[in-house]
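Novice: Just a sequence and a predicted model for now, questions to come.
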Amino acid sequence: MEIMKLFKQALVASAILGAFGAQAADLTDAVTKTSKQGLEVAAAAADSSIRVIVREQLEAGDRIKLVFGTGVTGLTSVAVNGSGEATATTTDNQLGIVYGSGTYKIKPISTTTASGVTTVVLEVMTGDPVTKDSSFEVQVRGANIDKAKSSAATVTYSATSGLTGNAKDTTGDNTGAFIILADQYGASVSTKANGVIQRNPATSFVSGGVTGNTNADTIVIDISDDQTLLSAATGVNVQATVTLEGDFTGAITASDVTLTNDIGTPASIAVSGVTIATDKKSLSFTITDTATAPNGIAGKYTIQLDHTATTSTIKASTFKATVVVDADSTSATNTKQEALVKADAGEWVVDATIINIPYFPVDFAGVNTSVHFANETSSAVDAIITAIDGKGVSYSTQNITGFLPKGQVTKFSHLDLQKLLKDSKGNTVPAESKLSITFNLDVEDGKVNAYAFSEKTGNGRQSLVTSQQKGIK
């Protein structure tokens, strides 16, 4: 019996706590976010509003106090209609109240400013109450938001009873910000380069690339531009620079690159010609919004790399894409947005097994260096050998038919390779050269492997590092 009595008391206590527990209005941050890039270059902020969701019913005579942060300046009054009810505003220095479908009405009582802080007092008018979970928006004109103090463009809500003067909605998230910054631009690689270079001659693709064109491959960059943000940047001063990093030392020149896009209105953007860096390690182009149709730079941008006009060797390469957007290309002080940084944009690989030995000493006195190949296939394997030395001189061979006999291990000494390799003038590798040497083997799926070592008189044998790309046929 005593236990039941205690249980009932507990239930009563819980009910009391539920009835009198603290509730609070919730203030959302800005209904619409603001462009971080656009606000920085804009002459002024855009109009903004915060939604107030009432978590406890307010009746006639209850008062609402709105205290604005120092980032909101110049407010002198609240907009009213002919009946004295607070309403939306289109006038600077006036605060606006937007009811939506609400049937209640609020009227302004006072607007005061002290030490840069503005306080507005409102009162619920006779008629429908502001029921729990109802909402209204607090509207501030852009002219009344201090760009330099945008983080302090806030409002804090509180309410008191008109009957007792006691506080209502005393706890909770009662503060909202008029300026919530968001990046306006985004970018991604939607189509990656995937050309597989013919082994010999390496002037076209055997797979990947463009359907019906064995000389071309494409990369597609998607750029997004959120024009729904407040203060969104737009117009002829908006420029995006797209940079594609890769190895363009082979066949690609600026005229071999075609740029297209899917923008519905061509007049809305202008795409510049391609520039290839002097070191042939990157290419870039610029996208510009236009004054004719300033509706942003969003779209798919296709970069087609075409080797049709040349017979030069296509170089195996990985590609990285970077997109940087400047909201005002006439300004030297605004911050550019890196919408994409060195993103994977695909690769070109050779249809071969590639074995590289990055350190291979040749013709040093007392040093014997060699490489041993194990050909596990039932056919002899052709090879193309290339190398560079410590002075940047390149050496190569033609395709060597039957370089590796079938089903056996074959050794090549540094002197063997020294004789095979020639520079552009036909000279062999000089004595005491340190080479990075690469073997391009016409074989698939790792059926040939290599082991290299260097042996110095009196010091024993030392293995040399090798790296291998397996054949991809």
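Specialist: Cool, got the structure. Residues are numbered from 1 along each chain as shown.
Novice: Which parts of the protein are helices?
Specialist: If you assign secondary structure with DSSP state H, the helices in the chain sit at 2-20, 36-41, 414-420.
Novice: In terms of mean pLDDT, which of the ones you listed ranks lowest?
Specialist: Comparing mean pLDDT across those, the lowest value falls on helix 2-20: a mean of 42.
Novice: What distance separates the opening and closing residues of stretch 411-423?
Specialist: For stretch 411-423, the first and last residues are 23 Å from each other (CA to CA, to the nearest Å).
Novice: actually stretch 389-409, sorry about that
Specialist: Taking CA to CA, the span from the opening residue of stretch 389-409 to its closing residue is 27 Å.
Novice: Could you chop this structure up by domain?
Specialist: Taking automatic domain parsing as the reference, the chain has its domains at 21-182, 185-350, 353-469.
Novice: Those domains into a markdown table, with extra columns for mean neighbour count?
Specialist: All C-beta spots, glycine's among them, are computed from the backbone N, C-alpha and C. Below are those laid out as a markdown table (neighbours: other CB atoms under 10 Å):
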| stretch | mean neighbour count |
| --- | --- |
| domain 21-182 | 18 |
| domain 185-350 | 18 |
| domain 353-469 | 16 |
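Novice: confidence score at the spatially closest residue to P405 that is not a sequence neighbour?
Specialist: Counting by CB to CB, 6 or more residues apart in numbering, the nearest residue to P405 once its immediate chain neighbours are dropped is A380, at 5.5 Å. We have a pLDDT of 95 for A380.
Novice: Likewise for K470?
Specialist: Listed pLDDT for K470 reads 55.
Novice: Show me the shaky parts of the stretch 51-200 of the chain.
Specialist: Regions of the stretch 51-200 of the chain meeting the criterion pLDDT under 70 cover residues 171-172.
Novice: Do a quick rundown of the strands in it.
Specialist: Taking DSSP state E, counting those that start in this stretch as the test, the strands found in the stretch 51-200 of the chain are 63-68, 77-78, 94-98, 106-114, 117-124, 135-140, 154-160, 167-168, 175-177, 181-182, 185-191, 196-197.
Novice: any idea how far the residue nearest to P405 lies from T386?
Specialist: Shown here: A380 relative to T386, a distance of 20 Å by CB to CB, to the nearest Å.
Novice: Could you do S150 as well?
Specialist: As judged by CB to CB, S150 and T386 stand 58 Å apart.
Novice: Flag the shaky bits of the stretch 251-400 of the chain, pLDDT-wise.
Specialist: Across the stretch 251-400 of the chain, the ranges flagged by pLDDT under 70 are 251, 264-267, 292-293, 310-311.
Novice: Let me see the ranges of the strands in it.
Specialist: Ranges of strands within the stretch 251-400 of the chain are 257-261, 269-271, 275-276, 282-289, 299-306, 317-326, 337-350, 353-362, 367-375, 381-388, 394-396, 400-404, based on DSSP E, counting those that start in this stretch.
Novice: Just tell me which of those strands ends up closest to L163.
Specialist: Comparing the strands of the stretch 251-400 of the chain by their distance to L163 (CB to CB), the top pick is strand 337-350, with 53.2 Å.
Novice: so how far is that closest one off the chain centroid?
Specialist: Averaged C-alpha coordinates place strand 337-350 at 11 Å from its chain's average position (CA atoms, centre = their mean, to the nearest Å).
Novice: same check, this time on stretch 340-359
Specialist: Once both centres are worked out by CA atoms, centre = their mean, stretch 340-359 turns out to sit 23 Å from its chain's centre.
Novice: so how far is L58 from M125?
Specialist: Summarising the geometry, the distance separating M125 from L58, computed by CB to CB, is 11 Å.
Novice: thinking again about what came up before, could the strands of the stretch 251-400 of the chain go into a markdown table alongside distance to V206?
Specialist: Rendered in a markdown table, the data for the strands of the stretch 251-400 of the chain read as follows (distance: least, CB to CB, whole Å):
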| stretch | distance to V206 |
| --- | --- |
| strand 257-261 | 22 |
| strand 269-271 | 31 |
| strand 275-276 | 25 |
| strand 282-289 | 24 |
| strand 299-306 | 16 |
| strand 317-326 | 16 |
| strand 337-350 | 10 |
| strand 353-362 | 15 |
| strand 367-375 | 22 |
| strand 381-388 | 16 |
| strand 394-396 | 21 |
| strand 400-404 | 20 |
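Novice: Go through those strands and name the closest to T249.
Specialist: Among those, if distance is taken as CB to CB, the winner is strand 317-326, at 9.1 Å.
Novice: elements contacting the closest one?
Specialist: Identification of packing neighbours for strand 317-326 by 3 or more CB pairs under 8 Å, 6 or more residues apart in numbering; DSSP states H and E yields strand 185-191, strand 216-225, strand 239-245, strand 337-350.
Novice: how long is stretch 261-273 end to end?
Specialist: The first residue of stretch 261-273 is 13 Å away from its last residue (CA to CA).
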